[in-house]
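K.L.:
would you be able to build a 3D model of this:
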Amino acid sequence: MTWRARLDSMTTWKFPAPSSDVLSSACRLARRVSFVCATSVALYGCQSILEQSYQPSVAPSSNPQIVDEVQKNDPRAAMGAREHPRIVASYGGEYKDAKTERLVARIAGALTAVSENPSQSYRITILNSPAINAFALPGGYLYVTRGLLALANDASEVAAVLSHEMGHVTANHGIERQKREEAEVIASRVVAEVLSSDIAGKQALARGKLRLAAFSRQQELQADVIGVRMLGEAGYDPYAAARFLDSMAAYSRFMSVDPEADQSLDFLSSHPNSAQRIELARDHARAFGQEGKVGDTGRDYYLDGIDGLLYGDSPEEGYVRGQTFLHGGLGIRFDVPPDFKIDNKVEAVMATGPGDVAIRFDGVADNQSQSLTNYISSGWVTGLDPSTIQQVTVNGMEAATARASADRWDFDVTVIRNNAQIFRFLTAVPKGSPTLQQTAEVLRASFRRMTPEETASLKPLRVRVVKVRPGENITTLAARMMGTDRKLDLFKLINALPTGASVSPGDRVKIIAE
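P.N.:
Below you'll find the model as predicted:
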C-alpha cells in the first residue's frame, strides 16, 4: 500500500465537516478562488473564408463576432458554462499572461478557420496547473494547462492537441457523453449537498466530471482523424500529433519513476495512448506529404510566447525546494528530515520517508480563538490519548501536541497557531517505530515564520528559453536546471531530446530556472 493510500485509509485524522472556513489544503490557504467564466482568451469568428485562411501572423478580425453573442442561444454552450467554474477550480484557477494568451489565440484562430464547423466559436482557458492536459466541454469550451504548454516544443504540437479537442466539439462527442453522465446525477447530488460550501467539494465534483469526460476509443480515434486533417489544412506540421503523443508518453514514463506521483489530472489518464494510435496519426499525416518536409512547426514564435511561463508550483500554492516547503503568502516554512520527499498536493502537503513514515500538513481558519489544547481534543482526531496533550511553544508561536494510535499506526499530532490560522502536522509511523519522536521534532523545530528577506527572495520557477553558446552541451545546459534532482532527464524531456541527441551553438532550448 502506498503512503498516500495509507494516510487516506487511516482513521485517526477525522476531518471536521466541510465549511467555508476549512482550508482545503496548506498549499491553497492563501488563494481566493473566484468562479469566473472563461475569459482568458475569447476567439472571434471571421466573416469570410478568405479572412479565415491561415497566414503566418494571424490577427483578430476588425469586425469580430463576440463569443457571448454567438453562444447565447446554444444549449450546448449552456452545458459547458455550467461545468466551467468547477473545472477551473479543480485546476487551480486561470493562468493570466497576455503573451501566452495571444500565442494560444493565434494557434486556435488558425485551426478555427479550417474546422468542420467554422461558425463554431471557442472559449479557450489556460489553466493554472502544472498537469499536462487539454480537454473540451460542449459548446466550444476548450482548456489547456500551462503544464502542457511547457512540455510542447512548437506551435504545431499545441495545435495538434487543440485540433483534437475541437474535433470532439464538432463531432458532438460531448452530447453523447452527457447521456452517460445522467447515471451519475444522484451521486453528484449527494457530493454537492455534503460538500457544497467547500472548495474541496467543488473540486470533487469537477474531478468526477473529468472522469466522465473520458471519450470512447472510437470517439478518440475520430477526433484524431479530424485533428490531423485540421493541422494539415491550417498549414501546420501534420506529424505534430504523433510527435506530441510521443512526448506525452515520455512524460508519463518520467512521472512513473515516482510511484507516488498523482497523474489523475493528466492527459493520458483520460486519453488512451498506444503505439498503434501514434502510428495511425502518422498514417493520416502522410496524406499531406513526407515527414519533415511539409507544414510549419511555428517553433520560433512558440518559444517566444512561452519564454517566462510559470512552471511547477504557483505562488498561491507555496513552493517545494529540496527538503523545505515555503509559502511566501502565508509567511511560513518548514523542513522535512533528510531522505524525505515533499509532495505539494491539492488537499495537503504530503511527505514520505524511509521506514514507512508519512507526514501530512494542512490548516484551518482560526475563527473561535479557542485554546489549542481544547482544539486538539475537540474530536477531529480519533484514537487520541488525552494524557499526552501538551501545550508547547514552537519558535515563538503557541502550539499543542498529542499522541494517537489506530490500527497498525502511531501518530504525533501537532497544531500551531499563527495569526488567524491553525496549522496542523500529522506524523504517522508503523506502531512501535522509534522514528516518530525524532521526525515530529524536526518538523516542530523547523516550522517558523519567514523573514521579510526570505519572502522577497522567494521566486517561482519559470520556463526560460536560451540560446546554446559555443562549448555548451546537453550536460552543461541541464546543470542550469532548477527545482528537480533529475536535471538531465527533465531537460531532455521538455526539449524532446532522444537518447544520443546533441545540441549546436545557436540552438534555442528550454531550461527551468527562476
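
K.L.:
what ranges do the helices span in the stretch 201-350 of the chain?
P.N.:
217-233, 240-256, 267-270, 275-285, 299-306 (DSSP state H, counting those that start in this stretch).

K.L.:
R102 is nearest to which of the ones you listed?
P.N.:
helix 299-306 (7.1 Å; C-beta to C-beta). Every residue, glycine included, has its C-beta placed from N, CA and C.

K.L.:
and that closest one, which residues are buried?
P.N.:
Y301, Y302, L303, G305, I306 (16 or more other C-beta atoms under 10 Å).

K.L.:
in the host helix or strand of R464, what's buried?
P.N.:
Per DSSP states H and E, R464 falls inside strand 461-467. Neighbour counts over strand 461-467 (16+ other C-beta under 10 Å) mark L461, R462, V463, R464, V465, V466 as buried.

K.L.:
I'd say I512 and T484 touch.
P.N.:
Yes: the pair I512 and T484 passes the contact test of C-beta atoms under 8 Å, sitting 7.1 Å apart.

K.L.:
more neighbours, these two?
P.N.:
I512 (20 against 14; other C-beta atoms under 10 Å).

K.L.:
and the helices in the stretch 351-500 of the chain?
P.N.:
Ranges of helices in the stretch 351-500 of the chain, per DSSP H, counting those that start in this stretch, are 372-376, 435-446, 452-457, 474-478, 487-494.

K.L.:
C-terminal to the last one, what's the next element?
P.N.:
Sequence-wise, the next helix or strand downstream of helix 487-494 (DSSP H and E) is strand 508-513.

K.L.:
outside of that following strand itself, list whatever touches it.
P.N.:
150, 153, 299-300, 303, 306, 311-312, 461-468, 477-478, 480-484, 490-491, 494-495, 503 (C-beta atoms under 8 Å, 6 or more residues apart in numbering).

K.L.:
now with 7 Å?
P.N.:
303, 311, 461-468, 477, 480-483, 490-491, 494-495, 503 (C-beta atoms under 7 Å, 6 or more residues apart in numbering).

K.L.:
next one: stretch 227-247
P.N.:
54, 110-111, 113-115, 151-152, 155-157, 159-161, 163-164, 166-167, 224, 273, 277-278, 281-282, 284-285, 288, 291, 294-298, 496.

K.L.:
for that stretch, how far is the first residue from the last?
P.N.:
17 Å (C-alpha to C-alpha, to the nearest Å).

K.L.:
from the chain's centroid, how far away is it?
P.N.:
Computed by C-alpha atoms, centre = their mean, to the nearest Å, the separation of stretch 227-247 from the middle of its chain amounts to 24 Å.

K.L.:
likewise stretch 97-107?
P.N.:
The answer for stretch 97-107 is 19 Å, by C-alpha atoms, centre = their mean.

K.L.:
before we move on, what about stretch 327-336?
P.N.:
Distance, centroid of stretch 327-336 to centroid of chain: 21 Å (C-alpha atoms, centre = their mean).

K.L.:
touching it from outside, list them.
P.N.:
29-30, 315-316, 318, 323-326, 342, 351, 359, 418, 423, 442-443, 446-450, 455, 458.

K.L.:
I'd say A479 and L490 touch.
P.N.:
No: A479 is beyond contact range of L490, at 11.9 Å (criterion: C-beta atoms under 7 Å).

K.L.:
what strand or helix carries V161?
P.N.:
Using DSSP H and E, the element containing V161 is helix 155-170.

K.L.:
ok, and the closest non-adjacent residue to R102?
P.N.:
G305 (7.1 Å; C-beta to C-beta, 6 or more residues apart in numbering).

K.L.:
contacts only, for that neighbour.
P.N.:
By C-beta under 7 Å, 6+ apart, the residues touching G305 are K99, T100, L103.

K.L.:
rewinding a little: between A479 and L490, point out the one with more neighbours.
P.N.:
L490 (19 against 12).

K.L.:
from T393, how far out is that one?
P.N.:
Relative to T393, L490 is positioned 41 Å away (C-beta to C-beta, to the nearest Å).

K.L.:
now swap in V225 and tell me
P.N.:
In terms of C-beta to C-beta, V225 sits 66 Å off from T393.

K.L.:
returning to that earlier point: nearest to G355, of the helices of the stretch 351-500 of the chain?
P.N.:
helix 435-446 (5.7 Å).

K.L.:
got the contact list for that closest one?
P.N.:
With C-beta under 7 Å, 6+ apart as the criterion, helix 435-446 contacts 334-337, 355, 357, 359, 394, 410, 412, 414, 425, 427, 429.

K.L.:
mind listing what's buried in it?
P.N.:
Neighbour count says helix 435-446 has T435, L436, T439, A440, V442, L443, R444, S446 buried, by 16+ other C-beta under 10 Å.

K.L.:
one more: stretch 148-164?
P.N.:
148-164.

K.L.:
what mean pLDDT does it have?
P.N.:
When pLDDT is averaged over stretch 148-164, the result is 94.

K.L.:
hmm, who's touching that stretch?
P.N.:
Contacts of stretch 148-164 (C-beta under 7 Å, 6+ apart): 100, 107-108, 111, 132-134, 142, 144, 223-224, 227, 230-231, 234, 236-237, 240-241, 243-244, 247, 251, 267, 295-299, 301-302, 306, 309, 311, 463, 494-496.

K.L.:
list the contacts for the residue lying closest to D224 once chain neighbours are set aside?
P.N.:
Nearest non-adjacent residue to D224, counting by C-beta to C-beta, 6+ apart: A281, 5.7 Å away. By C-beta under 7 Å, 6+ apart, the residues touching A281 are D224, V228, A241, A242, L245.

K.L.:
got JSON lines for the residues you listed, with neighbour count too?
P.N.:
Shown next, in JSON lines, are the contacts of A281 (neighbours: other C-beta atoms under 10 Å):
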{"residue": "D224", "neighbour count": "23"}
{"residue": "V228", "neighbour count": "29"}
{"residue": "A241", "neighbour count": "30"}
{"residue": "A242", "neighbour count": "21"}
{"residue": "L245", "neighbour count": "25"}
